[in-house]
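Trainee: Here's a sequence, model it:
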Amino acid sequence: MSIKLKKDNRFEDEVSIKDLQKVGDKLEEAEDSNEPFIVHNEEDSLTVIGDANETENKLMDVTIEYRFMEDELEEIPKDAETAQFGNTKYVVIPLEYKEVNLPARKDHKLMASAIRMQPYFVRANELRDEHIERVKQIEEKYGSVFKYDGQGNAISQSKNDKVKKTMEKAYVESHKQFSIDLVKLYGDQKDEVIDAIYTFIQVLLDVDETINDHMTPYSAVLAILNIIDTFPNIFNEASVLFGLH
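Mentor: Now for the predicted structure:
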């Protein structure tokens with residue numbers, strides 16, 4: 001499956017909280033995969049997790065966009081795109097990487113980067129679960145439930161107007177706390193998790209170090225979403241090694 005994002009964030013300067021939420025959701029989807037991987041037990045024996053029959057050698061194509069200031073380039077390639085932001089003119093150059101796989105010689109480097117991603121997403125999931133638990137407690141306390149309108153609003157189903165308002169206020173306070181905690185987590189750990197994502201992509205695609213920092217955040221997010229979708233086993237193995245299961 002090919003994943004697409006809205007084009008309106010192609011020129012953002014960094015990977016956002018919402019971008020990382022998309023990555024976290026994709027990692028959770030990956031947990032449903034039966035693609036096998038091997039882990040070492042405490043007894044130093046090997047265990048195969050997943051379906052050992054699912055051993056297809058997958059390949060994928062990846063397109064990465066690199067953004068430069070115009071004066072950084074000696075010449076502008078024909079397939080480049082230019083964009084003006086204030087007084088600065090940028091050049092965006094797409095590079096296509098064909099038939100990408102997971103070579104064994106890179107496995108330890110890829111695994112190291114995948115494990116470095118784990119702390120952020122583990123904590124983000126914990127914060128979400130804490131919010132969900134608080135909401136359950138509100139419903140139990142007032143003997144009613146919430147329904148959601150698709151716009152992020154929780155609507156109490158209580159027939160008592162006072163209870164309805166009290167429940168909805170409590171929900172808003174819980175969600176506000178969740179948002180505050182998530183923003184703090186992002187501020188504390190964004191550099192580490194974003195660097196891990198970039199490093200994973202760099203190692204997998206053999207991106208030259210001289211241009212790796214020019215990879216657009218949009219491309220990095222789109223690439224890692226597609227990589228997780230194609231190679232879920234390496235991220236599930238990282239999850240196990242991080243001690244999640």
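Trainee: Output the below-cut-off pLDDT ranges for the protein.
Mentor: For the chain, the stretches with pLDDT under 70 are 1-12, 36-56, 244-245.
Trainee: In it, which residue sits furthest out from the middle?
Mentor: The C-alpha centroid of the chain is most remote from residue 160, which lies 40.9 Å away (Cα atoms, centre = their mean).
Trainee: how near is that one to residue 23?
Mentor: Distance, residue 160 to residue 23, by Cβ to Cβ, to the nearest Å: 41 Å. For glycine as for every other residue, the C-beta is placed from the backbone atoms N, C-alpha and C.
Trainee: Which neighbours in the sheet does the longest strand seen in the chain have, and how are they oriented?
Mentor: The strand that spans the most residues within the chain, counting by DSSP state E, is strand 88-100. Here strand 88-100 is paired, per DSSP bridges, with strand 60-69 (antiparallel), strand 81-85 (antiparallel).
Trainee: Identify whichever of these lies nearest to residue 206.
Mentor: Comparing those against residue 206 with Cβ to Cβ, the closest turns out to be strand 60-69 (11.3 Å).
Trainee: one step back: give me phi/psi at the residue farthest from the centre of the chain?
Mentor: Main-chain dihedrals, residue 160, degrees, to the nearest 10: phi -90, psi 120.
Trainee: what are the ranges of the strands in the protein?
Mentor: Under DSSP E, the chain gives strands at 37-40, 46-49, 60-69, 81-85, 88-100, 146-148, 154-156.
Trainee: Can I get those strands in JSON lines including mean neighbour count?
Mentor: Formatted as JSON lines, the strands of the chain follow (neighbours: other Cβ atoms under 10 Å):
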{"stretch": "strand 37-40", "mean neighbour count": "14"}
{"stretch": "strand 46-49", "mean neighbour count": "12"}
{"stretch": "strand 60-69", "mean neighbour count": "17"}
{"stretch": "strand 81-85", "mean neighbour count": "11"}
{"stretch": "strand 88-100", "mean neighbour count": "14"}
{"stretch": "strand 146-148", "mean neighbour count": "12"}
{"stretch": "strand 154-156", "mean neighbour count": "19"}
